[in-house]
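[1] turn this into a model:
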Amino acid sequence: MSCHPTPSMSDSGATEGSFRFPKVTGRHLLCIQNGKLGKEEGTEEEEDDYQADDGEERIVGFALRVIPPSRVMEDEGPDEHEALALLERTEALLEDLEELEDHQGYLRDREAAHSEIVEQTFAYIWAWTLLEAFVVCAISTSQVLYLRKFFETRRYL
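    The predicted structure follows:
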């Protein structure tokens with residue numbers, strides 16, 4: 001199965017983006033690929049596809065949210081337009097808040113991964129520093145003992 005770009009995808013090379021598929025029903029396939037848009041070499045197909053994986057591993061964070069259709073006011077009242085405008089603003093505000101929560105969750109996960117790497121690096125540095133200190137102490141002790149033996153005067157009676 002191949003994934004083809006749609007007009008609702010983010011710009012090529014973007015580090016983040018939002019994708020919207022308004023008023024679509026049915027089953028969908030979500031493809032996240034590591035590569036660039038281009039034609040496959042050696043083929044004469046007119047369709048573009050994602051090819052040329054650059055070989056770098058990436059961590060991708062995404063959130064899938066299904067937004068229910070907006071409410072429709074049934075009663076015709078004097079303040080219907082104001083109420084509808086207020087509902088639209090409220091839905092937009094809630095959507096922005098959920099997007100912010102998703103972004104903060106991603107940043108928390110990213111920070112946890114990076115702090116784990118920092119802790120591992122610190123542990124490796126600490127272990128190598130202790131090993132280095134032991135080797136330096138051993139070498140200095142052996143040098144002192146050797147020099148002491150070298151300058152030792154023997155007394156013969």
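[2] please count neighbours and contacts with C-alpha atoms only from this point.
    Will do.
[3] tell me the mean pLDDT for stretch 88-99?
    Mean per-residue pLDDT for stretch 88-99: 89.
[4] so which bits of that stretch are buried?
    For stretch 88-99, the neighbour count (16 or more other C-alpha atoms under 10 Å) marks no residue as buried.
[5] run through the helices of the chain in chain order.
    80-151 (DSSP state H).
[6] show me what contacts L147?
    By C-alpha atoms under 8 Å, 6 or more residues apart in numbering, the contact list for L147 is empty.
[7] shaky segments in this structure?
    1-23, 33-54, 70-75 (pLDDT under 70).
[8] how about a cut-off of 50?
    Applying pLDDT under 50 to the chain picks out residues 1, 4-5, 7, 46.
[9] and L107, how many neighbours does it have?
    13 (other C-alpha atoms under 10 Å).
[10] distance of it from L97?
    Remark: distance between L107 and L97 (C-alpha to C-alpha, to the nearest Å) = 15 Å.
[11] for Q143, same thing?
    For Q143, the distance to L97 - C-alpha to C-alpha - is 68 Å.
[12] from R108, how far off is D96?
    Distance from D96 to R108, by C-alpha to C-alpha: 18 Å.
[13] next: A85.
    35 Å.
[14] now swap in V66 and tell me
    In terms of C-alpha to C-alpha, V66 sits 23 Å off from R108.
[15] of the two, who's got more company?
    R108 (12 against 7).
[16] how far away is the more buried one from E116?
    Taking C-alpha to C-alpha, one finds R108 at 12 Å from E116.
[17] ok, now H28?
    H28 is 36 Å from E116, by C-alpha to C-alpha.
[18] who has more neighbours out of these two?
    A count of neighbours by other C-alpha under 10 Å puts E116 above the other of H28 and E116, at 12 against 7.
[19] what's around L29, how many residues?
    8.
[20] how far away is it from G61?
    17 Å.
[21] same thing with P68?
    From P68 to G61 the distance is 23 Å (C-alpha to C-alpha).
[22] higher neighbour count, these two?
    When P68 and G61 are compared for neighbours, G61 comes out ahead with 13 against 7, by other C-alpha under 10 Å.
[23] which non-adjacent residue is nearest that one?
    Y106 (6.4 Å; C-alpha to C-alpha, 6 or more residues apart in numbering).
[24] and the one you found, how many neighbours?
    16.
[25] likewise for the one 4 residues further on?
    Other residues near R110 number 14, with proximity taken as other C-alpha under 10 Å.
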